[in-house]
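Peer 1: no sequence on this one, just coordinates:
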Ligand SMILES: [Zn+2]
């Protein structure tokens, strides 16, 4: 091999190296894509992503198409974890990064895809749910497609839940199923309403169940100041009010939610004006980048997340 060829080979092989640096993640997770995905997921044609008017299933089709395009594999047939809710067939969308190997440790990254549909007779009666929770969904999709380029020592499950708004029904179903299947689930990161910057500043979230595990500490050692304690989260017991909770209950593992909704930064909670134009997409993209960075660092460094007092 001549020296020139050797040089080329070296350059080429270094390009193939895994690069999960913050700079690389910033380069890859593009604000335009975040904007595009969240706009589709909260468009009027999805009718507020409710299963009763079929809007939810349209949103689900989009997610399935996105997974296929980004080399994310189905965990269950056609990506669907099917269950019945008030006798209507519904399903979570569940994908996996790379191959799913039973004996391997598993982590889950999730967000609920459903919202509350159409209500009332005013000119705009569609509850688009851009913040609640298209913002969380775009995070799972963007992080998933970033992670899907590399090989990992863990199973990485991506879950978009149905029927959160009707009482965490989708996540209860999936938690129970994964428990029955003896999946070695280690921790769950759930995203809920991260479309607005917190009053305390940019690129910041709070963690529900903050003091229950070493999760906040470990995240902040990678992205300083990213995760915060939020008094109202504890006061209103938000830990039990999103899709993280069923996994904590069934598995007894750290399963927590990241959110930036601080009750004062957004007046359109469960309101027909919960639309993309009222969100801060620059900040949302920063939160997604920070999250992709801490998750890939956890996976690379085999960080153990555990409940305190265990
Ligand atoms: Zn929500």
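Peer 2: Yep, that arrived. Keep in mind that what you see is a predicted model, and the values were worked out from it rather than measured.
Peer 1: and residue 107, helix, strand or coil?
Peer 2: Here residue 107 is strand, with the state taken from DSSP: H, G, I helix; E, B strand; the rest coil.
Peer 1: just to be sure, residue 221 is in a strand?
Peer 2: No - assignment of residue 221 by three-state DSSP gives helix, placing it outside any strand.
Peer 1: how close does it get to the ion?
Peer 2: In this view, residue 221 and the ion are 28 Å apart by C-beta to the ion, to the nearest Å. The C-beta positions use only the backbone N, C-alpha and C, and glycine is treated the same way.
Peer 1: can you count the residues close to that residue?
Peer 2: 12 (other C-beta atoms under 10 Å).
Peer 1: also the one 3 residues further on?
Peer 2: The local packing count at residue 224 equals 8, with neighbours defined by other C-beta under 10 Å.
Peer 1: mind checking the SS state of it?
Peer 2: coil.
Peer 1: who in the stretch 51-200 of the chain is up against the ion?
Peer 2: 132, 133 (C-beta under 5 Å from the ion).
Peer 1: how about the strands in the stretch 51-200 of the chain?
Peer 2: Assigned by DSSP state E, counting those that start in this stretch, the stretch 51-200 of the chain shows strands spanning 72-74, 80-85, 88-97, 106-112, 155-161, 185-191.
Peer 1: and the ones you listed as JSON lines, adding mean pLDDT?
Peer 2: Converted to JSON lines, those look like this (pLDDT from 0 to 100):
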{"stretch": "strand 72-74", "mean pLDDT": "98"}
{"stretch": "strand 80-85", "mean pLDDT": "94"}
{"stretch": "strand 88-97", "mean pLDDT": "96"}
{"stretch": "strand 106-112", "mean pLDDT": "98"}
{"stretch": "strand 155-161", "mean pLDDT": "98"}
{"stretch": "strand 185-191", "mean pLDDT": "98"}
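Peer 1: reformat those as TSV; add distance to residue 222 and mean neighbour count.
Peer 2: Listed next are those as TSV, based on distance: least, C-beta to C-beta, whole Å; neighbours: other C-beta atoms under 10 Å:
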stretch	distance to residue 222	mean neighbour count
strand 72-74	24	19
strand 80-85	31	17
strand 88-97	19	23
strand 106-112	15	25
strand 155-161	17	26
strand 185-191	13	25
